[in-house]
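>>> Using only what follows, build the 3D model:
(one chain, ligands or ions: 2)
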Amino acid sequence: MTEASETEAREFAAGLRSLLEWLHVPGQGARNEVVALVRETLGPAGLDQSVVARELPPFEHVNLQTALDAWTAQEGRSVEVHGVVLPPHFGGIDLQLLMTGEGLPPVRLSAPAVVDLPNGPGSTLACLRMALLLVTDDAGRYLLLVQAPREHEQPVLRVEVAGLPVQRAQAVLAELDRLRRELNVYRGRLVEVTPTPMGTVELTFLDPPDLGRDDVVLPAAVLDRIERHALGVAAHRAGLRAAGQHLKRGLLLYGPPGTGKTHTVRYLLGRMDDYSRLLLTGRSLGAVGSVTELARDLQPAVVVLEDVDLVAADRSFGPGGSPVLFDLLDAMDGAAPDADLLFVLTTNRADLLEPALAARPGRIDVAVDVALPDVAARRRLLQLYGRSVPLELTDDDVASAVERTDGVTASFLKELLRRAVLEALHEQDPLRAVTGRHLSRALDDLLDSTQQVTRTLLGVGADGSLPDGDGAGPALAPPGTPFGHRHSHGPWR
Ligand SMILES: Nc1ncnc2c1ncn2[C@@H]1O[C@H](COP(=O)(O)OP(=O)(O)OP(=O)(O)O)[C@@H](O)[C@H]1O
Ligand SMILES: [Mg+2]
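Ligands and ions are numbered 1, 2, ... in the order given. Alright, predicted model coming up:
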């Protein structure tokens, strides 16, 4: 090797070393303002401690913020909040990286970014998205990093604690858990659980329905039974507990489409205003496990599982039955018996549910058949939905309508009155009187054999037929066919 090339090699090595030093992140990191703040706050002793992280489902974001606000306000604690910014598409960060400065994406300090989330039916709370909390209290000086769930990336909410011995850090997280439970914004509310594309769920506040007992047309014995099972426990909670009896209960409402299962549940929920009410339908039924946990925290609580046949029918995991349905039953079973939890299940395919329920008994204590309206019920339904209509019907008109509607659903009768009003409006506008003639014309039209699909959509005769001699055409689609197996989720919004 020549003299010159040795010098070159030495220069090259020195250059490489300085390049590596420059690339070496601690050196970089020291110049980073976030890393500098973290290191300075924690000091050498704090930097030696493990980071303790807690992951929470996205719907806990608003509860976490509520808890943090209360925690910050506790006596003897001062909290300084800094926002942390990452360039777009850099995803997340963790506190460990900020402590060591290793492998760090370009981070900056800023005013904390917040997202405004509903914390009640008509209010919102500004919730931190990515923030560093510098805390001083009797545990010492330490840091919290809060990271909101990120759409399309990491659908979890993360809180990390650094600068404390593990047990102390755990105690901080446990205190935040306690506050989250205690101050839970979903307590006592009616909340709809909907799935997100990320496979998580979203919770939306709904206004409780305002339905009276008279708005629900069911045989008195049936409604009594439902009410006793759903509402009766609240009055005797202490007594039942004292006598060692369980409070957890399951109510199944089954029957053809349009007979009032959802309607009845809405009525119950409207009355259970001291309960936390969680409503799951369709794809969100898959989240029953985490929702039941939430319900346990929020008890007394009702978990409504609407149209459970949607998951019961899903046999994609083999002939043993649907896993989602079993999750659902497991979740119901997992909750402590003395928890004041009511599960209300609705379905129009009791046949699909029966095998699973028979295989795992004890989840449902009362199953109620919500049947097609009988003569008396059809009379009441005409009255109910004719309340705001200027009806001028003779006894014969009513008797004839009631007779001709044998086998139809409650929702059909509601539609019948709407059509009768339309018939009358064709002749008179403004509306003066809806007579038997209008009612019977509307009925002719609805029962017309050429209107089979319309009738099926309205749930006429879920047993598949109307009585002879009423002009009905061929049998209607039986339950289980696309039209016969109808689900209406409209009423919840
Ligand atoms: N028993 C009833 N009493 C009063 N109104 C009713 C009754 N049943 C149905 N209705 C009316 O018909 C509408 C549709 O009924 P609902 O959605 O409760 O049917 P469902 O039994 O839940 O049907 P599905 O099986 O398709 O879910 C209700 O919003 C209500 O206005
Ligand atoms: Mg329904």
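>>> okay, CA-based contacts and neighbour counts for the rest of this
Fine.
>>> my read is Leu357 is in a helix, agree?
Yes - counting by DSSP: H, G, I helix; E, B strand; the rest coil, one finds Leu357 located in a helix.
>>> Any figure for the gap between it and Ile226?
When distance is defined by C-alpha to C-alpha, to the nearest Å, Leu357 is 19 Å away from Ile226.
>>> what's next to stretch 117-127, contact-wise?
61-62, 65, 114-116, 185-186, 189, 205-207 (C-alpha atoms under 8 Å, 6 or more residues apart in numbering).
>>> From the chain's centroid, how far away is that stretch?
16 Å (C-alpha atoms, centre = their mean, to the nearest Å).
>>> Could you list the buried residues of that stretch?
By neighbour count on 16 or more other C-alpha atoms under 10 Å, the buried set for stretch 117-127 is 118-121, 125, 127.
>>> Poorly predicted segments of the stretch 51-200 of the chain, please.
Residues of the stretch 51-200 of the chain that meet the criterion pLDDT under 70 are absent altogether.
>>> Show me where it has its strands.
Listed in chain order, the strands of the stretch 51-200 of the chain (DSSP state E, counting those that start in this stretch) span residues 52-56, 78-85, 108-110, 114-120, 123-128, 130-137, 140-147, 157-162, 190-195.
>>> what does the protein have sitting close to ligand 1?
Contact residues of the chain with respect to ligand 1, defined by C-alpha under 6 Å from any ligand atom, are listed as 215-218, 256-263, 348, 410-411, 486-488, 491.
>>> Which members of these occur in helices, if any?
Restricting the residues of the chain next to ligand 1 to those inside helices, with DSSP state H as the criterion, leaves 261-263, 410-411.
>>> Can you tell me which of those has the most neighbours?
Ala410 (30 neighbours; other C-alpha atoms under 10 Å).
>>> got the contact list for that one?
Neighbouring residues of Ala410 by C-alpha under 8 Å, 6+ apart: 258-260, 372-373, 378, 381.
>>> Separate out the buried members of those.
Burial by neighbour count, 16+ other C-alpha under 10 Å: within the contacts of Ala410 this picks out 258-260, 372-373, 378, 381.
>>> of the contacts of stretch 117-127, closest to Val161?
Checking the contacts of stretch 117-127 against Val161 with C-alpha to C-alpha, the nearest one is Gln65 at 15.5 Å.
>>> Tell me who's in contact with that closest one.
Applying C-alpha under 8 Å, 6+ apart to Gln65 gives the contacts 127-128.
>>> burial count for the residue lying closest to Thr347 once chain neighbours are set aside?
Taking C-alpha to C-alpha, 6 or more residues apart in numbering as the measure, Thr347 lies nearest to Asp307, with 4.6 Å between them; neighbours along the chain are not counted. A count of nearby residues for Asp307, using other C-alpha under 10 Å, gives 25.
>>> beta partners for the residue nearest to the spatial centre of the chain?
The centre of the chain sits closest to Val193, judged by C-alpha atoms, centre = their mean, with a distance of 1.2 Å. Taking DSSP bridges, one finds Leu203, Leu280 as the beta-bridge partners of Val193.
>>> roughly how far apart are it and Leu157?
With the distance defined as C-alpha to C-alpha, Val193 ends up 18 Å from Leu157.
>>> Ok, Glu60 next?
Using C-alpha to C-alpha, Glu60 is found at 8 Å from Leu157.
>>> Check Gln96 too.
Counting by C-alpha to C-alpha, the gap between Gln96 and Leu157 amounts to 17 Å.
>>> Settle it for me: which of the two has more neighbours?
The residue with more neighbours, out of Gln96 and Leu157, is Leu157; 20 against 17, by other C-alpha under 10 Å.
>>> Tell me which residues touch that one, please.
Neighbour list for Leu157: 55-58, 60-61, 146-149 [criterion: C-alpha under 8 Å, 6+ apart].
>>> and if we set it to 7 Å?
Contact criterion C-alpha atoms under 7 Å, 6 or more residues apart in numbering gives 55-58, 61, 147-149 as the residues in contact with Leu157.
>>> among those residues, which ones are buried?
When the contacts of Leu157 are checked for burial by 16+ other C-alpha under 10 Å, the buried set is 56-58, 61, 147-149.
>>> Looking at these, which two lie furthest apart in space?
Taking every pair in the buried ones among the contacts of Leu157 and measuring C-alpha to C-alpha, the maximum separation is 11.9 Å, between Pro57 and Gln147.
>>> can you map out the strands along the stretch 201-350 of the chain?
Per DSSP E, counting those that start in this stretch, the stretch 201-350 of the chain has strands spanning 201-206, 249-254, 276-281, 301-306, 341-347. These are given in chain order.
>>> between Leu357 and Ile226, which one's more packed in?
A count of neighbours by other C-alpha under 10 Å puts Ile226 above the other of Leu357 and Ile226, at 20 against 16.
>>> what pLDDT does Arg493 get?
Here the pLDDT value assigned to Arg493 is 73.
>>> Identify the residues contacting it.
Going by C-alpha under 7 Å, 6+ apart, Arg493 touches no other residue.
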